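1. below are the sequence and a predicted model; questions follow.
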Amino acid sequence: MADRTILHCDMNNFFASVELLSLPELAGKPVAVSGDPENRHGIILAKNYEAKAYGVVTAETIWQAKRKCPGLVLIPPHYDRYTGFYHRINAIYARYTDLVEPFSIDESWLDVTGSSRLFGDGKTIADGIRKTVREELGLTCSVGVSFNKIFAKMGSDYKKPDATTVITRENYRDLLWPLPVRELFGAGRKTAEKLGTLGITTIGGLAQADRKMLEKTFGKGGTMLWEYANGLENSPVANIDDRVKAKSIGNSTTYRYDLTSETDIRTAIRALSDQVATRLRREHARAGGIKLDIRDPYFKTISRQVRLDRPTNLAGEISETALAILRGVWPEGAPIRLLSVTGIYLEDEEEAVQISLFEESETAHEKDDRTERVIDAIRGKFGKDAIGFGRLIRNNLGVSGAGRGKGPSFNPPESEAEKTK
């Protein structure tokens, strides 16, 4: 059976590159996209190569980055822009194949096995994609070409920026086996450290290690890593229309100041619930349960969840449930640094609809449903801030309703800020 041809396309410095499109005067200067230190989100979300040259890394604090690079220019994130480019980028990929599987907001796998007669071999297609992305969008990407998804992804990391790397059955030992084991996709820092205690420091060393010993030490994960190192991974690339259903939908916020009053807490939970409810309706889903996470100023976090009698995607019902959870577990007046509201036990919207035994209750539910869908329609036509709930207007928390959630609505929704490499 002939090998597949898999591409992994990884946008270079995606967040920073998108921002610099509208700020050409910053070209050549060290730039980073960062959270707002006034809202206690003072970390680096993304950086350009000039900032990277100073040692600036994703997820470090702003003060750490500034210490390395005093001239670092900080730009606030604009998630709507990134989402828009995500769709435009994947639309370019779809010109070559319908087997496009987003891995994150700036990475996608493509299976172009059946496209060679139209567009050429894998390298030719990869080079064509890079050229098109550069000319049409003003951005660059690196592409790995291989016979499976893992090696394709490692190929896109192998050389940056704006490069194509082909990893074949003939050269993968020469290219990948000498690399540190932590460079293997799926091998995190702790795993690499534990492998080091076994004398395994390179990908080649892992590939040649005893498989049964690895399984005994790491469980199924050990077998998986051994297969990855030996080029045995063979999972398919999903069709672009086959979106994986989310298992949960949630939003969280760290606040400008610690919440202690009932008014602030209700406002905060209502805003989060509005965001979650809007995303649930967008996904045509209802939540069968609600989970609430609460973090205090000392970073102690508690998490509680409840099952609902009736699945919901309405902000009011989610908000009241979250508030009930909080009142049951959190001392009145105790300060809150962060709140997270998550819809869990998701069900398809149509399947989740149940007729209530009590007509008045169902009528009230249907009225709320109509109201919130009208709000969705107005926001869709006039913008996310065109309409909102009264409690959220001109509050001091720096929060509003729907649309404040981070990242596009696709799975998995990992953003560049969540990468540690």
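-> That came through fine. Numbering: from 1, shown residues only.
2. near residue 57, how many other residues are there?
-> Residue 57: 16 surrounding residues under other Cβ atoms under 10 Å. (Glycine included, C-beta is placed from N, CA and C.)
3. do residue 201 as well
-> Residue 201 has 14 nearby residues by other Cβ under 10 Å.
4. excluding chain neighbours, what is closest to it?
-> residue 181 (6.0 Å; Cβ to Cβ, 6 or more residues apart in numbering).
5. show me what contacts that neighbour?
-> Shown in contact with residue 181 (Cβ atoms under 8 Å, 6 or more residues apart in numbering): 187, 192, 195-196, 200-203, 205-206.
6. widest-spaced pair of these?
-> Maximum pairwise distance in the contacts of residue 181, criterion Cβ to Cβ, is 12.9 Å, between 196 and 203.
7. so for these two, which sits in the more crowded spot?
-> More neighbours surround residue 203 than the other of residue 196 and residue 203, with 26 against 14 (other Cβ under 10 Å).
8. any low-confidence regions in the protein?
-> 1, 36-41, 242-246, 349-421 (pLDDT under 70).
9. care to break it down by domain?
-> According to automatic domain parsing, the chain is divided into the following domains: 1-167, 177-229, 249-416.
10. Serialize the ones you listed to CSV and add fields for distance to residue 238.
-> Compiled in CSV, the domains of the chain are given as follows (distance: least, Cβ to Cβ, whole Å):
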stretch, distance to residue 238
domain 1-167, 4
domain 177-229, 17
domain 249-416, 10
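11. nearest to residue 235, out of the ones you listed?
-> Smallest distance to residue 235 across the domains of the chain (Cβ to Cβ): 6.0 Å, for domain 1-167.
12. so how far is residue 332 from residue 227?
-> Counting by Cβ to Cβ, to the nearest Å, the gap from residue 227 to residue 332 is 53 Å.
13. quick revisit: so for residue 241, which of the domains of the chain sits nearest?
-> Smallest distance to residue 241 across the domains of the chain (Cβ to Cβ): 7.4 Å, for domain 1-167.
14. quick check on residue 256: phi, psi?
-> phi -60, psi -30 (degrees, to the nearest 10).
15. residue 68: neighbour count?
-> Neighbour count for residue 68, taken as other Cβ under 10 Å: 14.
16. right, and it touches residue 55 too?
-> Yes. Counting by Cβ atoms under 8 Å, residue 68 does reach residue 55; the two are 4.7 Å apart.
17. next, the contact list for the nearest residue to residue 78 once chain neighbours are set aside, please.
-> Nearest residue to residue 78, sequence neighbours excluded (Cβ to Cβ, 6+ apart): residue 19, at 7.0 Å. Taking Cβ under 8 Å, 6+ apart, we find residue 19 in contact with 31, 33, 75, 78, 81.
18. just the buried ones from the residues you listed?
-> When the contacts of residue 19 are checked for burial by 16 or more other Cβ atoms under 10 Å, the buried set is 31, 33, 75.
19. could you single out the nearest of these to residue 348?
-> residue 33 (36.0 Å).
20. any idea which helix or strand carries that closest one?
-> Residue 33 belongs to strand 31-34 when assigned by DSSP states H and E.
21. likewise residue 277?
-> Counting by DSSP H and E, the element that carries residue 277 is helix 262-282.
22. against residue 223, how distant is the residue nearest to residue 78?
-> When distance is defined by Cβ to Cβ, residue 19 is 42 Å away from residue 223.
23. which parts of the stretch 101-250 of the chain are helices?
-> 116-119, 122-137, 149-158, 172-176, 189-197, 203-207, 211-218, 220-229 (DSSP state H, counting those that start in this stretch).
24. out of these, which comes closest to residue 85?
-> When the helices of the stretch 101-250 of the chain are compared by Cβ to Cβ, helix 122-137 sits nearest residue 85, at 6.7 Å.
25. quick one on the thing from earlier: okay if I get the contacts of residue 181 as TSV plus distance to residue 103?
-> Formatted as TSV, these follow (distance: Cβ to Cβ, whole Å):
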residue	distance to residue 103
187	17
192	21
195	24
196	27
200	26
201	27
202	25
203	20
205	27
206	22
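26. what subset of the residues you listed is buried?
-> For the contacts of residue 181, burial is judged from neighbour counts taken by 16+ other Cβ under 10 Å, and it is met by 187, 192, 195, 200, 202-203, 205-206.
27. coming back round to it: most packed of the helices of the stretch 101-250 of the chain?
-> helix 149-158 (a mean of 24; mean count of other Cβ atoms under 10 Å).
28. identify the residues contacting that one?
-> Contacts of helix 149-158 (Cβ under 8 Å, 6+ apart): 6-10, 103, 107, 109, 141-146, 165-167, 172, 175-176, 183-186, 228, 231, 233, 235, 237, 421.
29. good, we can wrap up now.
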